[in-house]
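Student: The following block contains a protein sequence and its predicted model.
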Amino acid sequence: QVQLRESGGGLVQAGESLRLSCTYSGRNAVNYGLGWFRQAPGKEREFVAAIRRDYGDTYYSNSVAGRFTVFRDNVKKTMYLQMDSLKPEDTAVYFCAATPAYTTISYYNQLEYDYWGQGTQVTVPS
């Protein structure tokens, strides 16, 4: 079992920055890949970013590449999502999730994630 908890959401103006945190715990939690997903009102949950378990490669959706950065600290057992140049279309509930997956394509697929946090709201008014 892996437990995940997001924090850091809030209301920010367009163009501003925000950093989300996801603390993870549980047996072998550091051995899981981690991802961020988001769900806007009336829309399906979508992939945002992910980081492999070994600090290695990171992956981003086209809509956030170049603006968001994902990184993790396995000592603090925390993953972060640094969000810069925020836009109104970034408004959503953001979830972190853990996956045992190994292939690159799996990191983009929410069905590959076994554990999920409760989510944190990010609002960027237009």
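Tutor: That came through fine. Numbering: from 1, shown residues only.
Student: my guess is residue 59 meets residue 109, correct?
Tutor: No: look at residue 59 against residue 109 with CB atoms under 8 Å: they stay out of range, at 11.0 Å. Bear in mind the C-beta positions are built from the backbone N, C-alpha and C, glycine included.
Student: Just want to know which of the two has more residues nearby.
Tutor: Higher neighbour count among residue 59 and residue 109: residue 59, with 18 against 14, using other CB atoms under 10 Å.
Student: Residue ranges in the chain under the pLDDT threshold?
Tutor: 55 (pLDDT under 70).
Student: which stretches of it form helices?
Tutor: Counting by DSSP state H, the chain forms no helices at all.
Student: May I have the beta-bridge partners of the nearest residue to residue 9 once chain neighbours are set aside?
Tutor: Distances taken as CB to CB, 6 or more residues apart in numbering place residue 120 nearest to residue 9, at 3.4 Å, with adjacent residues excluded. Beta bridges link residue 120 to residue 94, judged by DSSP bridges.
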